[in-house]
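Asks: return atomic coordinates for the entry below.
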Amino acid sequence: MKIRVVKTASKAKAVQVVRYQSNRRIVLQHIGSAHNDADLEELMMVAEEWIKDYSGQLSVFPEQSPNKVLHLNHCTFVGVRYRYFYEQIKLIQHSLGFDSIQPLLNDLVSIRIFEPASKLRSLELLEKYFGIKHARKSYYKVAPQCIEL
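Replies: Residues are numbered from 1 along each chain as shown. The predicted model follows:
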């Protein structure tokens, strides 16, 4: 299998993966068309990845594996979670014997260490930073028990 680059009628460069069999060219996959060098280079890398995935063969030179390349043009940033911080605070709470307390209360303590805010705002921040969602109603159920602690 080879990567073929041809000019199109619109003066773009088309990238194809082809193989030759019995003096005939067989187009296995059309990768796309590029109008500039940066797009062409990206399409060439995508074609190399396609060949690697299609053939299923291991590379003789593994450090040159294009399968490990992250194409930022095709990615979407979805956010950041501070899971490590949350897990460390949970370990400290466990070592202090606070794991018998309501999980919601422990979560409120964790987020208020991370970013001090009101209790209701802390519920929003729990979801934003740690991906943990507690309903506002559950806070109102637990709040009277917190006074006894």
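Asks: helices of the chain, start to end?
Replies: Using DSSP state H, the helices of the chain run over 37-55, 83-95, 103-114, 119-125, 136-148.
Asks: so what's the residue count around residue 25?
Replies: 11 (other Cβ atoms under 10 Å). To be clear about C-beta, it is placed using only N, CA and C from the backbone, and glycine gets the same treatment.
Asks: try residue 54
Replies: Look at residue 54: counted by other Cβ under 10 Å, it has 12 neighbours.
Asks: measure it to residue 134 for me?
Replies: 47 Å (Cβ to Cβ, to the nearest Å).
Asks: can you list the buried residues in the lengthiest strand in the chain?
Replies: Counting by DSSP state E, the longest strand found in the chain is strand 24-34. Along strand 24-34, these residues count as buried under the neighbour rule (16 or more other Cβ atoms under 10 Å): 31, 32, 33, 34.
Asks: care to break this structure down by domain?
Replies: What automatic domain parsing lists as the domains of the chain is 2-69, 83-148.
Asks: and the shortest one, end to end?
Replies: Length of domain 83-148, first residue to last, Cα to Cα, to the nearest Å: 30 Å.
Asks: dump the domains of the chain to a markdown table, plus mean pLDDT and distance to residue 77.
Replies: Listed next are those as a markdown table, based on pLDDT from 0 to 100; distance: least, Cβ to Cβ, whole Å:
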| stretch | mean pLDDT | distance to residue 77 |
| --- | --- | --- |
| domain 2-69 | 84 | 18 |
| domain 83-148 | 91 | 15 |
